[in-house]
Each structure stands twice: as C-alpha cells, then as structure tokens.
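> just a sequence and a predicted model for now, questions to come.
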Amino acid sequence: MKRLLATLGLCILLSTTAAAWAGGAPASTEGVLIAQAESQDAGAAAEPAAEAQTAEHEAAAGEHAAEGGHGGEHLGESLPLFSVLPFVGILLSIALFPLFAPHFWHHHFPKVSAFWALLLALPFLAAYGGEAVHSILHIYILDYIPFIILLWSLYTISGGILLRGSIVGTPVVNTGMLFVGTMLASWMGTTGAAMLMIRPFLRANKARKNRTFMVCFFIFLVANIGGSLTPLGDPPLFLGFLHGVPFFWTLHIFPHMMACVAILLVVYFIMDSYYYKQEDLSALLNAENKQPVRLAGAFNFLFLLGVIAAILMSGYLSLGEISILGIPVGIESLMRDVILVAMGGLSLALTPRDLREENEFSWFPIQEVAYLFAGIFMTMIPCLAILKAGTAGHAAPLINAVREPIHFFWITGALSSFLDNAPTYLTFFTTALGRFYPGLPEAEAVPKLIVDNVLYLEAISAGAVFFGAMTYIGNAPNFMVRSIAEEAGTPMPSFFGYMFRYSLIFLAPLFVVITFIFFM
C-alpha cells in the first residue's frame, strides 16, 4: 500500500509539474522545429562562412555551449525558473543524506540520483517533446559519456601505478608531494594528476591521525588550481583553445596560479607542522626495516601519455562529424574516446592483479561518480539552458550585471562551483566578445580581446578553474578524490562540511586577495 501511494503521489507531482511547464513551453514541437529551421536557413543565407567556422569549433569542443540542442536559446528563454529545483534537490541529497542517513545513502544513492533525474526528465519531455529529447541526448552523448570515459581511463591507469617503500608523511614530504601534483596538473590534466598522486599521498600519511585537511588541500591544489597553465589542465581552458585562444596564452595566469599555490602551501605547511608535533611518528622515522622507494607498474605511464595525446589530437584535428541519434558528433571526438577506452583496457589487461590489490584498487569510487553525475548532468540541463539564453532568459539580471573584470571573475567562478565549468566559461567568454566587439566574427574578435581587454579573459579563465575547488562537484576529480580517500580510511566532510569548514574558510579569502592583486 505504501509503495502504491508513493507511486500515485509521484505521478500526481509529475503531472502537475508537466502542466506548469507546458504553460511556458512552445505551442507545439512542430512549430518549434519549423521556426528553428527558418532561423537556421536565414542565418545560413546571411553568413555561411562564419557559421561553418563556428560549427567546426562547436564540434571540436563537444558542443558544450549548445545545451538545449537546436533550440537551446529558445529553450532557455521559455524554461520556468523552478525547473532548476531538481538540480538543487540532488545537490541537497548529496549534502544531507550522507550526514543524516549514511546507511541509506550508501546502499541507495543510485536510486536517489535516478529519482531527481526522472523528476526533471518526465515533465520536461511532456512539456517540450522533441526539443527535450534532443537536449537530453545532447548532454549525455556529448558531455556525460566522454566525461565518464575520461575518468574511467585515468582512474584505471593510475590504479596500476604503485609507489612502494617507506614514505612517511612529514610536513616537508607532504608539501613537496602537493607541489609536484600541482605542477603536473597543467600538463596531464587535473584528473590525471589527482588520480596519479592521491594514492601515494594517502599511503604516506596512513599513520597520521589528522588527515582530512590534507585531502582537502589536495583537492584545492592538485585537483583544481594546478590545472591553470595549459588547455590540457582543465576543460574550460581547452574549450577556449578550441575557440581561438592560443595554446600557451594560458601562461598569462601563471602569476595568479602561483600566488594561490604559494599562499595555500604556506598555510598547509603551518597546519601540517602543528598537527605533526602532536603525533609521535618516531617509530616510523627511525625504523630499521625501511624499504627503499620503488615504482611498480611504471609502464602505465605510457598509457597516460596515450590519453594526453588523444585529448590533444581531438583538439587539433577536424575530421568531420557523424550523427548519433540526431546529435552531430565529431569523428575526432569518437577516435579520442576509443583511444581512451583502449588505454584503460590495456592497463587493465597488462597490470598484475596483485599489484592493483596492493594498491587497494576497487571500482566503487568510479561507480559512485558515474551514478551521481548521471543525475547531475540530467538536472543541470535547465540551469545551463537558462544561462545560455543570456539576457533573454531568467539569468538576464545576472548577465547584465557582469561588467568589470572583478564581476567576470566572481560570477564565472561562483557558477563554476556548481555547474559544468566549460559551458559557464564559454557563456561569459561569448558575453565579453559580444560586449566589446559586437558583430565581429569570433576569429577576429578573440585576438582583439587578448590584445585590448586581456584582463577580462584572465578573469574568466581564472574564475572557471580556481572556483572548481569550492565544492565536491565543482570539478571532475574532486568527488573521485573524496571517494578514494574515504575508501582508504580517511574521514571526509560532507558536501556542506567541505564548504563551510574548508573551502569558504581557506579559498574565499584567498580569492579576495587574488581579486585585489589582479582584477581591481
């Protein structure tokens, strides 16, 4: 009876929501498609060369900016503001269930994720029909699946690399490991560096009592801020590269990054030294049976290089596109994903099983991320569509208020803390181009932005990368690092605990300092 009542209640809720959405939806899907076709035909007649160039960039970038499909901008203009509530709901579930119902969450988090995804998808489909189908297929084919393939390949490959030996996590050793991981992040990606470094970092500190703050600083530095220097470091910078920003232009953010890194490493060293003095690790430091440090599974670095090469290849090549369920997908993007799966598969086949067991490798962290982000990507559709609609959607007051570099830094950053930072970056990147060079083709506008208004591009780029550390969902590796740390026995704070005990305390004041130094 309880299940029947719950099912009836859910049906009533979905029906009511769909009816409310229908009030703001287009009169008919056919009308929408006709209007879109007419609009596209008119644009094609007016400027075919510019559209061809834009389409090429969008395909190479995985069309991150095209949330909502053909009618993405129309969709963002008509979506009601309450359509973002399922996204808020899944964030609150991730934040509160582990805190107040940990047993339930551990066993049922895939169902919770599916609930919020369906709560968005069913009324969305009922109200918007074909346009909603296109939007859902778009975000899963072009965003979610490549996202999970990349995470899986890096997680699998790094799980086959084992650092053996007696490494004791002293403040000097830990600070050094954080610095090395931070520097690696710009060249092998924040996800690659985080997956490579987190297990040795945890193993070095296994005997330490206070480890939670260590992992939080690891997320700040290795999983986020370290990815600032090249387009390989973080997805929004790669997207900027695909839209005409030179590959090495991002070195302009080196002073911003190093200011953050220096301040955070000093704070970390002071905290680690304080806790270290309270712990007695003399037995470990003076042990007679110390084992020399050795690297096992080093051949997996070849597979990591293969992953990096595949990502670079997908950015430089343009091999045309094919349609998958009506979604245009770049052939180079498909080649990249096939290579990533092959690299992960080779690592899995060639790495001895006992080495992975010694490395405490399991599939749970990647499974948790896959289930939760399946729901997050679905519920994120209205948020990104409304944001993409710009001044024509509910985000108009926010878009209109963004005028100065300080605004671009904080608004891009704040939204990147919760939403996919790639489309957020592109939204404000396009806003800056349109504000300074209206009507100018992107190929001409981007060089002018770099020369005449470089501070705005620096603010957008730094905000999109740095603020990913503010929440567990701000950047891909954050949740993975948290899950790996918990599985290794390190207690980690809840979603809000991470924000209120760590990121808001350490990062928010830091970003204020960065604002005064670079963006005022």
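Cool, the structure landed.

> what's the one helix or strand Phe109 maps to packed up against?
Under the criterion of DSSP states H and E, Phe109 resides in helix 102-128. Packing contacts for helix 102-128, counted by 3 or more C-beta pairs under 8 Å, 6 or more residues apart in numbering; DSSP states H and E, involve helix 2-22, helix 85-100, helix 130-139, helix 364-379, helix 381-388. No exception for glycine: its C-beta is placed from N, CA and C like everyone else's.

> so which of the ones you listed is the most surrounded?
Most buried of those by mean neighbour count (mean count of other C-beta atoms under 10 Å) is helix 381-388; its value is a mean of 26.

> so for the helix holding Phe109, what gets flagged as buried?
For helix 102-128, the neighbour count (16 or more other C-beta atoms under 10 Å) marks 105, 109, 112-128 as buried.

> what of stretch 243-250?
243-245, 247, 249-250.

> stretch 490-509 now?
Neighbour counts over stretch 490-509 (16+ other C-beta under 10 Å) mark 490, 492-496, 498-499, 502-503, 506-507 as buried.

> strands of this structure, start to end?
Taking DSSP state E to define them, one finds strands in the chain at 162-164, 294-296, 321-324, 327-330.

> pairing partners for the second one, with directions?
If I follow you right, that is strand 294-296. Taking DSSP bridges as the criterion, strand 294-296 sits next to strand 162-164 (antiparallel) in its sheet.

> contacts for the strand it pairs with?
199-200, 203, 291, 293-297, 355, 358-359 (C-beta atoms under 8 Å, 6 or more residues apart in numbering).

> switch to 6 Å and redo it
200, 294-297, 355, 359 (C-beta atoms under 6 Å, 6 or more residues apart in numbering).

> mind saving the C-alpha coords of stretch 503-520 as PDB?
Written as PDB, here are the backbone C-alpha positions of stretch 503-520 (Å, rounded to 0.1, in the frame of the first residue of the first chain):
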ATOM      1  CA  SER A 503      36.700  26.000   1.000                       C
ATOM      2  CA  LEU A 504      34.900  29.000   2.400                       C
ATOM      3  CA  ILE A 505      37.500  29.400   5.100                       C
ATOM      4  CA  PHE A 506      40.600  29.000   3.100                       C
ATOM      5  CA  LEU A 507      39.600  29.700  -0.500                       C
ATOM      6  CA  ALA A 508      37.100  32.500  -0.300                       C
ATOM      7  CA  PRO A 509      39.600  34.900   1.500                       C
ATOM      8  CA  LEU A 510      42.300  33.800  -0.900                       C
ATOM      9  CA  PHE A 511      40.200  34.700  -3.900                       C
ATOM     10  CA  VAL A 512      39.500  38.100  -2.400                       C
ATOM     11  CA  VAL A 513      43.300  38.600  -2.200                       C
ATOM     12  CA  ILE A 514      43.600  37.500  -5.800                       C
ATOM     13  CA  THR A 515      40.900  40.000  -6.800                       C
ATOM     14  CA  PHE A 516      42.700  42.900  -5.200                       C
ATOM     15  CA  ILE A 517      46.100  41.900  -6.700                       C
ATOM     16  CA  PHE A 518      45.000  41.200 -10.300                       C
ATOM     17  CA  PHE A 519      41.400  42.300 -11.000                       C
ATOM     18  CA  MET A 520      40.800  45.700  -9.300                       C
END
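
> distance from the chain centre to it, please.
21 Å (C-alpha atoms, centre = their mean, to the nearest Å).

> do stretch 151-167 as well
Offset of stretch 151-167 from its chain centre (C-alpha atoms, centre = their mean): 21 Å.

> again, but for stretch 357-369
Counting by C-alpha atoms, centre = their mean, stretch 357-369 comes out at 20 Å from the chain centroid.

> show residues contacting that stretch.
The contact list for stretch 357-369 (C-beta under 6 Å, 6+ apart) reads 152, 155, 159, 162, 479-480, 483-484.
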